[in-house]
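[1] curious how this folds, go ahead:
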Amino acid sequence: MQRKIVGFCQDDEGQWKVALECGHERHVRHNPPWEVREWVTTEEGRSRWVGKMMECTKCEDEGVG
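    Residues are numbered from 1 along each chain as shown. As a prediction, this is how the structure comes out:
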């Protein structure tokens, strides 16, 4: 289920997570070659993603719609 990104935060290990409009969070790691998300490594890159849509697997699992 697609949800709007409203911000970013870090977990206890310093890994970045998106905060979604539904209240859920999702990790967005840059871990090449498996996960390539260079944009998450800078403040400018993260700010460009605010307002964009991202899949919320928790909403999908819960059947929220």
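
[2] and residue 9, that's in a helix?
    No. Assessed with DSSP: H, G, I helix; E, B strand; the rest coil, residue 9 is strand; it does not lie in a helix.

[3] burial measure for it, as a count.
    10 (other Cβ atoms under 10 Å). For every residue, glycine as well, the C-beta is placed using N, CA and C.

[4] residue 47 too?
    Residue 47 has 12 nearby residues by other Cβ under 10 Å.

[5] bridging residues for the residue nearest the centre of the chain?
    Nearest to the mean C-alpha position of the chain, by Cα atoms, centre = their mean, lies residue 18 at 3.0 Å. Here residue 18 sits in beta bridges with residue 8, residue 26, going by DSSP bridges.

[6] wouldn't it be in contact with residue 29 here?
    No. Using Cβ atoms under 8 Å, residue 18 makes no contact with residue 29, being 11.1 Å away.

[7] any weak-confidence spans in this structure?
    Low-confidence segments of the chain, defined by pLDDT under 70, span residues 65.

[8] one more time with 50, if that's ok
    Within the chain, not a single segment meets pLDDT under 50.

[9] do a quick rundown of the strands in it.
    2-10, 16-20, 25-27, 53-55 (DSSP state E).

[10] got the angle for the first one vs strand 16-20?
    Angle of strand 2-10 versus strand 16-20, following axes from the mean of the first three to the mean of the last three Cα atoms, to 10 degrees, is 140 degrees.

[11] any idea how far the closest residue to residue 39 other than its chain neighbours lies from residue 16?
    Closest residue to residue 39 apart from its sequence neighbours, by Cβ to Cβ, 6 or more residues apart in numbering: residue 45 at 3.4 Å. From residue 45 across to residue 16, the span is 10 Å (Cβ to Cβ, to the nearest Å).

[12] out of the two, which sits in the busier spot?
    residue 16 (18 against 13).

[13] which ones are touching the residue nearest to residue 52 when sequence neighbours are not counted?
    Leaving aside its sequence neighbours, residue 52 sits nearest to residue 5 (Cβ to Cβ, 6+ apart; 5.5 Å). Neighbouring residues of residue 5 by Cβ atoms under 8 Å, 6 or more residues apart in numbering: 18, 19, 20, 21, 49, 50, 51, 52, 53, 54.
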